[in-house]
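> Below is the sequence, then the predicted model.
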Amino acid sequence: MSKAVVRLISVAVAAAAVMTAAPSANAAESVPGTTATATASDAFYTYDGSEPLSSFAPGAVLKTRTLQYHLIGIPTPLKAVQLLYRTTDAQGRPAANVTTVVRSLTGDGSKAVSYQSFYDSLNPEDGPSRAIAGDVSLGGLIPNVEAIFIAPLLAQGYDVVIPDTEGQRANFAAGPEYGTNTLDSIRAATRSAETGLNSDTAFGLIGYSGGAIATNWAAALAPSYAPDVNRKLVGYAEGGLLVAPAHNLKYVDGSLAWSGVIPMAVIGASRSYDIDLRPYLSGYGLEVYKELEQGSIIDALGHYPGLTWKKMAKPEYADPNSIPAFLEAVNKLNLGSAATPTIPGFIAQGNAGVLEGTFSHHPGIGTGDGVMVAGDVRTLARQYCATGDQAVKYSQYGLLSHLGAPVVWAPHALGWLNDRFAGRTAPSDCGRIPAGNSLAPEKPASLS
């Protein structure tokens, strides 16, 4: 393994230690010797050309820069190429976004992996491109820790493309937008001479948790939105997947650790579809909304123990399905209603969320890893088997929670992708995946 990769891993481990120990929400205070950069004023992130953004095709490269790959603000020997590119938001409007390309250590441009980060934030400054450029924020520590997953890809000869999947407004949990941002990132990476990638480069998709959202939506949208990219894809590998957000909100309702996801999802859905859910929130709900409007999963995880939707909402909206705007948004974000991927997939899911809460007050939702619902993931995998012609491998880790599963998932996912690039026949668990939950669209409260 090269010195560059060894250093990447060692600094990532240090970043993980800092993230675990950091007591403050102020990144400059939490990381000694560093100063948070005002990235909102970074001109690279703004399209300022004379032609309207709509005049460019999705995936068009708008700006390019090359810099050193940073971890918690420390430069490493690795070089990274960052691209501002044209993409499409959740409502089909043209948007600009940023992706990062790290060249393989062999210089081989024939194979690449699109790595979707689980940075899970409502703050655009927490995106992986900003962390790689050297900026430091508390939420941005997650992309630094993910170097542990990226380094093995580089060591095995893959070029790695790392999109800011949530876009420049950080639309947390907005799956369709995650998907288009990912697909157009691949387009941009193969259209830039600086990356060394081209139209013949084969790609694999990989991501865990928030990264799994982007990975699955990209695989589902590729045949219709980006058939040119779909032809390059050898497969997708994911773990800890969000399938039906309405189910997950019920599942984490009252959780000691994961209940902060409720307001994060409310804010993300509001942002992505330009809807205002604040009129339906109680005074306390508005307080939490304001606290997390620019927050990350680090700000939410364990900070709102026992939080419930009922506590956040006005009494007349105790059932979120009584809010038409909410209902419309969560149904758009339900992967069960999206198309079936036309490439093979590896889907893994933890199913031991005991440490995060028992959730016995929602028996209809079933068990999961503490935040993701295992029954939903099983049903999606079975649906892909029934409606597609590609192999689906499904692994369920019965003794692992959401935070523990990636340790087992990551090497399995990398091995599975290696086999796809090598042209080996994809394994299938179709016919052996246990039944799960219904993924039918949510209905208004009066009809539920």
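That came in fine, so what should we check first? Residues are numbered from 1 along each chain as shown.

> contacting residues for residue 276?
The contact partners of residue 276, taken as Cβ atoms under 8 Å, 6 or more residues apart in numbering, are 270, 325. Using the backbone N, CA and C atoms, a C-beta is placed for each residue, glycine as well.

> In which helix or strand does it reside?
Taking DSSP states H and E as the definition, one finds residue 276 inside no helix or strand.

> pLDDT score for it?
As predicted, residue 276 sits at a pLDDT of 94.

> Same question for residue 9.
55.

> got it, and residue 18?
Reported pLDDT for residue 18: 42.

> Let the chain start at 73 from now.
Shifting the count to begin at 73 puts that one at residue 90.

> residue boundaries of the strands in the stretch 323-472 of the chain?
417-422, 464-469 (DSSP state E, counting those that start in this stretch).

> Heading C-terminal from the longest strand out of those in the chain, find the next helix or strand.
Counting residues, the longest strand in the chain under DSSP state E turns out to be strand 146-160. Next in sequence after strand 146-160, counting helices and strands by DSSP H and E, comes strand 166-174.

> Can you give me the buried ones in that following strand?
Of all the residues in strand 166-174, those buried under the rule 16 or more other Cβ atoms under 10 Å are 166-174.

> who does that strand touch, helix- and strand-wise?
strand 146-160, helix 200-204, strand 231-235, helix 247-263 (3 or more Cβ pairs under 8 Å, 6 or more residues apart in numbering; DSSP states H and E).

> Sheet partners, orientation included, of it?
strand 146-160 (antiparallel), strand 231-235 (antiparallel) (DSSP bridges).

> Let me see the contact set for residue 246.
So residue 246 contacts 162, 238-239, 340-341, 343-345, 405 (Cβ under 8 Å, 6+ apart).

> how close does it get to residue 321?
15 Å (Cβ to Cβ, to the nearest Å).

> Same check on residue 160?
Distance of residue 160 to residue 321, given as Cβ to Cβ: 26 Å.

> do residue 266 as well
Distance of residue 266 to residue 321, computed by Cβ to Cβ: 42 Å.

> quick one, which of those two is more surrounded?
residue 321 (20 against 16; other Cβ atoms under 10 Å).

> Pull up the gap between that one and residue 500, please.
Residue 321 is 32 Å from residue 500, by Cβ to Cβ.

> again with residue 387
49 Å.

> same check, this time on residue 193
35 Å.

> How about residue 319?
Taken as Cβ to Cβ, the span from residue 319 to residue 500 is 26 Å.

> So for these two, which sits in the more crowded spot?
residue 319 (26 against 16).

> was I right about that one contacting residue 510?
No. Using Cβ atoms under 8 Å, residue 319 is not in contact with residue 510, being 9.4 Å away.

> hmm, back to that, export the strands of the stretch 323-472 of the chain to JSON lines and tack on mean pLDDT, distance to residue 454 and mean neighbour count?
Below are these laid out as JSON lines (pLDDT from 0 to 100; distance: least, Cβ to Cβ, whole Å; neighbours: other Cβ atoms under 10 Å):
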{"stretch": "strand 417-422", "mean pLDDT": "98", "distance to residue 454": "11", "mean neighbour count": "28"}
{"stretch": "strand 464-469", "mean pLDDT": "98", "distance to residue 454": "8", "mean neighbour count": "21"}
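
> Let me have these in JSON lines, extended by distance to residue 441.
As requested, those are exported to JSON lines (distance: least, Cβ to Cβ, whole Å):
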{"stretch": "strand 417-422", "distance to residue 441": "3"}
{"stretch": "strand 464-469", "distance to residue 441": "8"}
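
> how's this structure carved up into domains?
Residue ranges for the domains of the chain, per automatic domain parsing: 75-311, 318-405, 407-493.

> which one of the ones you listed lies closest to residue 514?
Of all the domains of the chain, domain 318-405 sits nearest to residue 514, with 4.9 Å by Cβ to Cβ.

> Now do the end-to-end distance for that closest one.
Taking Cα to Cα, to the nearest Å, domain 318-405 runs 9 Å from one end to the other.

> what separates that domain from the chain centre, distance-wise?
Here domain 318-405 is found 18 Å from its chain centre; the criterion is Cα atoms, centre = their mean, to the nearest Å.

> how about stretch 497-517: buried residues?
By neighbour count on 16+ other Cβ under 10 Å, the buried set for stretch 497-517 is 498, 500-502, 505, 508-509, 511, 514.

> Compare the strands of the stretch 323-472 of the chain and give me the one nearest residue 132.
That would be strand 417-422 among the strands of the stretch 323-472 of the chain, by Cβ to Cβ, at 28.7 Å.

> What pairs with the closest one, parallel or antiparallel?
Strand 417-422 is paired, per DSSP bridges, with strand 305-311 (parallel), strand 464-469 (parallel).

> Following element in sequence after the helix or strand of the chain with the lowest mean pLDDT, please.
Taking mean pLDDT, DSSP states H and E as the measure, the chain has helix 99-102 as its least confident helix or strand, at a mean of 34. Under the assignment DSSP H and E, the closest C-terminal helix or strand after helix 99-102 is strand 133-143.
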